[in-house]
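Asker: Requesting a structural model of the entry that follows:
(chains A and B)
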Amino acid sequence: MAAFVFAVLMMVLDHYTQLASHVRGVLLNVLQPVEMVAALPRSLYNAYTDAAQNEESLRRQVKALTARNLLLQAQLQRMRELEDENRQLRLLLDAGSQLPSDRIELTIATVLRISLRPEADFMVLNKGALDHIAPMMPVMDANGVLGLITEVSELTSQARLLTDPELSIPVRFERTGMRAVTRGLGHGRLEVDFVRLDTDVKPGDLLVTSGIGGIFPPGYPVARVQSVSAQKDGTFYRITAVPVSRLYNNHEVLIVRHVQPRT
Amino acid sequence: MSSRAPEPALWSLLLSYALALVINALPLAGNLQLLLPPMGFLVLAWWAINDLNHTHFVAAVIIGLLYDTLTGTLLGLHAMIFSVLLFLLLRLRLRLRVVRPLQQGFTLTLLLFGHQLLLLPFVSTDAATNAYFWSMPLTGFVLWPFLRLLLNWLNHVPAPRS
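Answerer: Model (predicted):
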């Protein structure tokens, strides 16, 4: 009886207050070794496949990657030029308050575990408070936004994925500039809220972060519109979208560590 | 019982629960995760059945809280579910001690089914994963005999005489 009351009290505390977050931190620290041990088989397998690759294929891979790196760097230089030009134009237009934030530090983290259950969608990363990771840091991969760090222990952290029902991301449509908010539906899908019926939306439209709220840096791809339908007697569309990031196949992800507050 | 049974060794308690958590934390592909029953509860059930000196409610709450962290649910949800199921189990444990393993497994399957029912209001259901969600108790039924054997062996519980 006491156990039941305690558990229910805990649930109420966790739902309505922030008091339980300390308890959660302690529990996460207890779980750290468990998660490390559970991730061992996979890391051993990865180490084995790495070791089993022969030298010839590795050489080829290095060559391909060097070429790709060169290409990307050339593109990046063009990007920098455009960024500078963009900033100058914005200054000319006196739109100083909307200068894109450019101070971003990225931390590479390895995914220890992805939990895609009806309860919650999240991943456990191998970087924690000791690596200066803190809650509310965005997580992304090479293709786009993945989610947000919600809990941090000393050596690991938990990131809610953008398909988790508890995570919403402010976005805008890349094609039209319309602003909206995504909401996770679980099971690898998203919904886009607050798009009025009189706006132009098509399946295939790309959603990028709008930067509103100051948590996600603006301009990163989030999801692609999958289906658009009008709600009965509503003023908004019912839009489902699929994430552009590779939710399930990631081994390494990027944590956006430091976004300069926009002035 | 005229004399109290020996206290269980602390290391075997901790080891069994740690093992259960590791099994549930294994990175399994996609929906296979959903098929795996909460091993922590099965281990708890084994202890409740085999160690009559304690009610194991403290263990139920601690393991429940760890499962809440492991699955990202509301803190206390699994603690609540585990303590409710343990309460039911404690009513039955004297009878469960003497029945065949198969019958034990059947009872635990029903309890795991209750686990899913209690969890249902707090999860997002989907047609693609419903089948996995509801077949979890059956996996529990399959896994129980092995878990029972392993824990019996670890704790030197003598085989039943019948």
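Asker: who touches the helix or strand of chain B with the lowest mean pLDDT?
Answerer: Confidence across the helices and strands of chain B bottoms out at helix B:32-35, with a mean of 86, counting by mean pLDDT, DSSP states H and E. For helix B:32-35, the external contacting residues (CB atoms under 8 Å, 6 or more residues apart in numbering or on different chains) are A:115, A:116, A:117, A:118, B:129, B:132, B:133, B:135, B:136, B:139. From N, CA and C alone the C-beta is placed, and that goes for glycine too.
Asker: tell me the two of those that are most distant?
Answerer: Within the contacts of helix B:32-35, two members stand farthest from each other by CB to CB: A:115 and B:135, at 18.6 Å.
Asker: quick one, which of the two is more surrounded?
Answerer: Set residue A:115 next to residue B:135 and count neighbours by other CB atoms under 10 Å in any protein chain shown: residue A:115 wins out with 21 against 13.
Asker: for that one, helix, strand, or coil?
Answerer: In three-state terms, and counting by DSSP: H, G, I helix; E, B strand; the rest coil, residue A:115 is strand.
Asker: Can you get me the start-to-end distance on stretch A:241-250?
Answerer: The first and final residues of stretch A:241-250 sit 20 Å from each other (CA to CA, to the nearest Å).
Asker: All the strands of the stretch 101-250 of chain A, residue numbers only.
Answerer: When secondary structure is read from DSSP state E, counting those that start in this stretch, the stretch 101-250 of chain A shows strands at A:104-116, A:121-125, A:138-140, A:145-152, A:157-161, A:168-173, A:179-186, A:189-193, A:206-209, A:221-230, A:237-243.
Asker: Between the ones you listed, which one is closest to chain B.
Answerer: Chain B lies closest, by CB to the nearest CB, to one member of these: strand A:179-186, at 3.9 Å.
Asker: hmm, that closest one in reach of chain B?
Answerer: Yes: contact between strand A:179-186 and chain B is present through A:185, A:186 (criterion: CB under 8 Å from any CB of the partner chain).
Asker: helices or strands next to that strand in the packing?
Answerer: In terms of contact count using 3 or more CB pairs under 8 Å, 6 or more residues apart in numbering or on different chains; DSSP states H and E, strand A:179-186 is assigned the packing partners strand A:168-173, strand A:189-193, strand A:237-243.
Asker: Kindly reformat those strands as a markdown table and extend each row with mean pLDDT, mean neighbour count and distance to residue A:143.
Answerer: A markdown table is the format used below for these (pLDDT from 0 to 100; neighbours: other CB atoms under 10 Å in any protein chain shown; distance: least, CB to CB, whole Å):
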| stretch | mean pLDDT | mean neighbour count | distance to residue A:143 |
| --- | --- | --- | --- |
| strand A:168-173 | 92 | 22 | 15 |
| strand A:189-193 | 88 | 20 | 15 |
| strand A:237-243 | 91 | 20 | 9 |
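Asker: For those, give me CSV that also has distance to residue A:154.
Answerer: Putting the helices and strands packed on strand A:179-186 into CSV (distance: least, CB to CB, whole Å) gives the following:
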stretch, distance to residue A:154
strand A:168-173, 28
strand A:189-193, 32
strand A:237-243, 29
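Asker: Of those, which is nearest residue A:87?
Answerer: strand A:168-173 (19.8 Å).
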